[in-house]
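1. coordinates only, sequence not included:
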């Protein structure tokens, strides 16, 4: 399967330490199987931080997800477990790390910080948070969070 990474700076080697620690699935390298989504992200990054939109393409053998060599977590759709996982990863007050090599699932919407704050203060239930985090637009993200997982990506 082909995966895409939208960026504003081209690079040849993936450095996991350069990723933000408080993203949906934690600190790692994020890709999507939807090219237009990567294009939108690259355009946004270049507007915010300079540079120019770049789409990096990678080949990933998804049959490897069925093996036991790497630990994979997959969310097929927004759910309470998905919302709880995002909350833990984005929470700056409590250090949370997980041991998944690859996490696959929907992207939370742009109002994530506000909604997570409401959940934390108790004005939203986990079910309400899950419903409100649903992006409502076709999207996906593939998180590669370990050096072991990066070996399964081949840049095209």
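-> Okay, I see it. The structure displayed is predicted, hence computed values, not measured ones.
2. those strands in the protein, which residues are they?
-> 2-7, 29-31, 54-60, 72-74, 102-105, 141-144, 153-155 (DSSP state E).
3. List the contacts of the first one.
-> With contact meaning C-beta atoms under 8 Å, 6 or more residues apart in numbering, strand 2-7 is reached by 29-35, 37-43, 45, 53-60, 142, 153, 156. All C-beta spots, glycine's among them, are computed from the backbone N, C-alpha and C.
4. redo that, cut-off 6 Å
-> 31-33, 35, 38, 41-42, 54-58, 60, 142 (C-beta atoms under 6 Å, 6 or more residues apart in numbering).
5. What mean pLDDT does it get?
-> In this model, strand 2-7 carries a mean pLDDT of 97.
6. for the second one, same thing?
-> For strand 29-31, the mean per-residue pLDDT is 97.
7. What remains of the contacts of strand 2-7 if I keep only buried residues?
-> Applying 16 or more other C-beta atoms under 10 Å to the contacts of strand 2-7, the neighbour count classes 31, 32, 33, 38, 41, 42, 54, 56, 58, 60, 142 as buried.
8. The longest helix along the chain vs strand 2-7, what angle?
-> For the chain, the helix that runs over the most residues, judged by DSSP state H, is helix 35-49. Calculated by axes from the mean of the first three to the mean of the last three C-alpha atoms, to 10 degrees, helix 35-49 forms an angle of 10 degrees with strand 2-7.
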